[in-house]
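Enquirer: generate a structure from the sequence data that follows.
(one chain, ligands or ions: 1)
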Amino acid sequence: MEEIQKILENSLIELEKASSISDVVAVKNLYLSKKGKLSVLMNKMRDLSIEERKTFGKEINDAKITLESRINEKLDKLNKEKLLEELNNETIDITLPGNSLNSGEKNPFYKIIDEIEEIFIGMGYTVEKGSEVDKDHYVFELLNIPKDHPARDMQDTLYIDNETLLRSHTSAVQAHVMEKANGKPIKIICPGKTYRRDDDDMTHSHQFAQVEGLVIDKNINMGNLKATLELFARKMFSKNSEIRFRSSYFPFTEPSVEVDVSCFNCHGKGCNVCKNSGWIEILGAGMVHPNVLKMSGYNPDIYSGFAFGIGIERVAMLRYGIDDIRRFYQNDIRFIKEFNKKVED
Ligand code: DAH
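Expert: Purely as a prediction, here's the structure:
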C-alpha cells in the first residue's frame, strides 16, 4: 500500500515538473501504460490473500484515476496555452485584397426562354413541363401521325425501345396536357429540348429546343392565333413587327401555317438577315386538327383550338444576331457574357 502511495506521489511530482505536452505524455506512459509503474503493481496481487487483494486492487485503481485526471487537466491546460500562443503569434492582414470570383451569366438560350415565358404569361398562359423521353403514343399517334405516316421520316430520332424515344418535337406535350385537362379549356406553353437525327452545322443541331403553345376552348379561331403571334413578335423583336401566314402542312393542324415575321433589321427593304426577302420564318402553327381533339376527348363540334411551335435557338439567333447554333452549347464564357440586349418598348 505504501508503495502505491509512493509511486503516486512520485508520478505527481514528475507531472508537476512536466512543462510540455510531450513531457506529460511521457509521464503518462511511464506510469499508466500496460507496463507502467502503477500497472505492474497488479502482479503483486498473486502473493496476497483474497481480502487483501480487494483493498490493494482498489488502491491501485484509485491511484490510476487520480493520476489520469491530473494528467488530463494538465494536458488541457497546456493545449489551451499552445492555442493562445499560436493565436497571439498569428497576424491576419485584413487589408489584403481577396481572391475575386468570376460571376457567371445566363446563357442567351435561357434568357430567350425566360423572355418568351414572360410574354405568354402576360397573355394568361401557364407554363407546362414536358418530358424529353416520351412514348410514341404521345409524340406521334395522338398527334395524328400513325405508325406508317410519311411525316415520321422528317422527325427521325433516337429510340430507347420500340415505343420510347427522345421526343422529336415539344408537340408531344399537347396530348399529355389534354389528357390531364380532361375536357376542360387549355392555355399553355411548354418550352423544352427536342431531338432529331440531323447533321450538325451552323443552323442545325441534333438537339435543339422549341416552345409549344396550345389553346383549346369554345370559339377559338385563326384570328386569335394571328393576334397572339403578332403580339409575341412585337414584344420579342420590334414594336413595328408584322407577321404573315403561309399555308403549310402539319398532320396535327388543319389548316396549318408557316409564320414569318417582318425583318426587324431592314424593316422589309431586304438585307442579309432576311436573305433579301423582307421576311424571316420563325415558327409553325395551325388550328388543332379535329382528329387530335377527338383522340384526346374533346368534341370538335364544341371545342376548337390553335397550336404553335417556336424554334427557340432560331429566335435567339435572330434576336441577338448569332451566326452559329453550336455556340449555345459550347459554354464559352466570352460568348455567354455578350448578351444583354432588350427590345425597346
Ligand atoms: N411540331 C412542329 C415541328 O417540330 C412545329 C409545330 C407546328 C408545332 C405546328 C405546332 C403546330 O404546335 O401547330 O416542326
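Enquirer: who in the stretch 51-200 of the chain is up against the ligand?
Expert: Residues of the stretch 51-200 of the chain that fall close to the ligand, judged by C-beta under 6 Å from any ligand atom: 169, 171. (Glycine included, C-beta is placed from N, CA and C.)
Enquirer: for the stretch 51-200 of the chain, just list every one of the strands.
Expert: In order along the chain, the stretch 51-200 of the chain carries the following strands (DSSP state E, counting those that start in this stretch): 126-127, 133-135, 159-161, 164-166, 186-195.
Enquirer: quick one: the residue lying closest to residue 55 once chain neighbours are set aside from residue 15, how far?
Expert: With C-beta to C-beta, 6 or more residues apart in numbering as the criterion, residue 55 has its nearest non-adjacent residue at 7.7 Å, and that residue is residue 1. When C-beta to C-beta, to the nearest Å is applied, the distance between residue 1 and residue 15 equals 21 Å.
Enquirer: those two: which has the busier surroundings?
Expert: For residue 1 versus residue 15, the count of surrounding residues by other C-beta atoms under 10 Å is larger for residue 15: 18 against 10.
Enquirer: show the backbone phi and psi for the more buried one.
Expert: Comment: the main-chain dihedrals of residue 15 come out as phi -60, psi -40, following degrees, to the nearest 10.
Enquirer: and the residue nearest to residue 108 when sequence neighbours are not counted, what does it touch?
Expert: Of all residues not flanking residue 108 in the chain, residue 339 sits nearest, at 4.1 Å (C-beta to C-beta, 6+ apart). For residue 339, the contact set (C-beta atoms under 8 Å, 6 or more residues apart in numbering) comprises 108, 111, 320.
Enquirer: what residues are up against the first one?
Expert: The contact partners of residue 108, by C-beta under 8 Å, 6+ apart, come to 316, 320, 322, 328, 336, 338, 339.
Enquirer: rerun at 6 Å
Expert: With contacts defined as C-beta atoms under 6 Å, 6 or more residues apart in numbering, residue 108 is in contact with 316, 320, 339.
Enquirer: then residue 113?
Expert: Residue 113 makes contacts with residue 191, as judged by C-beta under 6 Å, 6+ apart.
Enquirer: then residue 120?
Expert: Residues residue 189 are the ones in contact with residue 120 under the rule C-beta under 6 Å, 6+ apart.
Enquirer: what about the helices in the stretch 201-345 of the chain?
Expert: 222-236, 290-295, 312-320, 333-336 (DSSP state H, counting those that start in this stretch).
Enquirer: most packed of the strands of the stretch 51-200 of the chain?
Expert: For the strands of the stretch 51-200 of the chain, the stretch with the most neighbours on average is strand 186-195, a mean of 21; neighbours defined as mean count of other C-beta atoms under 10 Å.
Enquirer: and it, what does it pack against?
Expert: Contact here means 3 or more C-beta pairs under 6 Å, 6 or more residues apart in numbering; DSSP states H and E; on that basis strand 186-195 packs against helix 172-181, strand 207-217.
Enquirer: next, the angle from it to strand 207-217.
Expert: Angle between the axes of strand 186-195 and strand 207-217 is 160 degrees (criterion: axes from the mean of the first three to the mean of the last three C-alpha atoms, to 10 degrees).
Enquirer: quick check: mean pLDDT across stretch 191-211?
Expert: On average, the pLDDT along stretch 191-211 is 91.
Enquirer: what of stretch 35-51?
Expert: Looking at stretch 35-51 alone, the average pLDDT works out to 85.
Enquirer: and the contacts of that stretch?
Expert: Counting by C-beta under 6 Å, 6+ apart, 7, 30, 31, 53, 56, 60, 63, 64 sit against stretch 35-51.
Enquirer: at 10 Å instead, please
Expert: Residues external to stretch 35-51 that are found in contact with it (C-beta atoms under 10 Å, 6 or more residues apart in numbering): 3-4, 7-8, 10-11, 27-34, 52-57, 59-61, 63-64, 67-68.
Enquirer: in the longest helix along the chain, what's buried?
Expert: The helix of greatest length in the chain, counted in residues with DSSP state H as the criterion, is given as helix 50-89. Neighbour-count burial for helix 50-89, counted by 16 or more other C-beta atoms under 10 Å, picks out 56, 59, 60, 63, 64, 67, 70, 71, 74, 78.
Enquirer: quick one: distance of that helix to the chain centre.
Expert: Shown here is helix 50-89, whose average C-alpha point lies 55 Å from the average C-alpha point of the whole chain (C-alpha atoms, centre = their mean, to the nearest Å).
Enquirer: thinking again about what came up before, for residue 138, see how far away the residue nearest to residue 108 is.
Expert: 34 Å.
Enquirer: picking that back up, can you redo the contacts of residue 108 as CSV with pLDDT and distance to the ligand?
Expert: Formatted as CSV, the entries for these read as follows, by pLDDT from 0 to 100; distance: C-beta to the nearest ligand atom, whole Å:
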residue, pLDDT, distance to the ligand
316, 93, 17
320, 88, 22
339, 80, 25
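Enquirer: now do the residue of the stretch 1-150 of the chain found nearest the ligand against residue 286, distance only.
Expert: Across the stretch 1-150 of the chain, no residue is closer to the ligand than residue 143, which sits at 8.1 Å (C-beta to the nearest ligand atom). Distance, residue 143 to residue 286, using C-beta to C-beta: 12 Å.
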